[in-house]
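In: Here you go, sequence then predicted model.
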Amino acid sequence: MPHSRGNAIVKRLSVNEGIRAREVLVIGEDGEQLGVMPTRQAVQQAKDSNLDLVEVSATSTPPVCRILDYGKYKYQQSKKEREARKSQRAVLMREVRVRPRIKEHDLEAKVKLIKRLLDEGDKVKILMIFRGREISHPEAGKEVFRCMLDQLRDVALANAPQIEERSISLVLSPLKTTKEVKKEVREVSSAEA
């Protein structure tokens, strides 16, 4: 049964006298298989080595137990989880709002912002908001989207626009992050050398 302690999720394992099976398959501290033996005998053998008997697979028949230092094992598992979490990055959905009558300089600033967000690896939702009578001319908003997509063609992949009540939204996904591009450039230059 996993339980949560802080941010880490640690799998609770049965240890020593907490193992309820009568017989267990025992694996030694060096990875050698010691065979099937009564649980009490296996626990005593682990204690003689100043180690713990840990049930690593409770679902198999008989349950598989290892002789190891349980404190050290828990520390290594939590360290692996932290390393795995470091390499993961959640993709965020960022939102940029524009109007159909946006001026050219403001549009360039929005495009620059969108490029930066895409380079960071985030998805970007462009939300075109119509006010008042602007909704009667959706082609003006579509023209702004077309202009933006022309400038973002090399860095983004666009989904179909979603038309809502008084807005149109367009979701852009990054083609590649700048880190991936830099890594590819380094790989190519090192291969040429």
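Out: Structure received.
In: CA atoms for contacts and neighbours, from now on please.
Out: Fine.
In: Near T39, how many residues? Count them for me, please.
Out: 21 (other CA atoms under 10 Å).
In: any idea how far it lies from S14?
Out: 12 Å (CA to CA, to the nearest Å).
In: And the helices in the protein?
Out: Assigned by DSSP state H, the helices in the chain fall at 39-48, 70-87, 104-119, 138-152, 178-192.
In: Select, out of those, the one closest to E164.
Out: Smallest distance to E164 across the helices of the chain (CA to CA): 11.4 Å, for helix 138-152.
In: And the chain, split by domain according to the record?
Out: For the chain, automatic domain parsing gives the domain ranges 2-85, 93-181.
In: would CSV of those with mean pLDDT be doable?
Out: CSV is the format used below for the domains of the chain (pLDDT from 0 to 100):
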stretch, mean pLDDT
domain 2-85, 83
domain 93-181, 88
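In: Stretch 119-134 spans what distance, first to last residue?
Out: End-to-end for stretch 119-134, by CA to CA: 32 Å.
In: ok, now stretch 154-164?
Out: Using CA to CA, one end of stretch 154-164 lies 27 Å from the other.
In: Would you mind listing the buried residues in it?
Out: 155-156, 158 (16 or more other CA atoms under 10 Å).
In: Which single one of those residues is nearest to P100?
Out: Taking CA to CA as the measure, P100 lies nearest A158 of the buried residues of stretch 154-164, at 18.6 Å.
In: what's the most centrally placed residue in the chain sitting at in phi/psi?
Out: Most central residue of the chain, judged by C-alpha distance to the mean C-alpha position with CA atoms, centre = their mean, is Q88 at 4.1 Å. Dihedral angles of Q88 (phi, psi; degrees, to the nearest 10) stand at phi -90, psi 150.
In: picking up where we left off before, the buried residues of stretch 154-164 into a markdown table, with extra columns for distance to Y75?
Out: Below are these laid out as a markdown table (distance: CA to CA, whole Å):
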| residue | distance to Y75 |
| --- | --- |
| V155 | 42 |
| A156 | 42 |
| A158 | 44 |
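In: Identify, from those residues, the entry nearest to R116.
Out: V155 (10.0 Å).
In: So the closest one is in contact with K115, correct?
Out: Yes: V155 lies in contact with K115 (CA atoms under 8 Å); the separation is 7.2 Å.
In: rewinding a little: okay if I get the helices of the chain as TSV plus distance to R22?
Out: Below are the helices of the chain laid out as TSV (distance: least, CA to CA, whole Å):
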stretch	distance to R22
helix 39-48	6
helix 70-87	21
helix 104-119	58
helix 138-152	66
helix 178-192	54
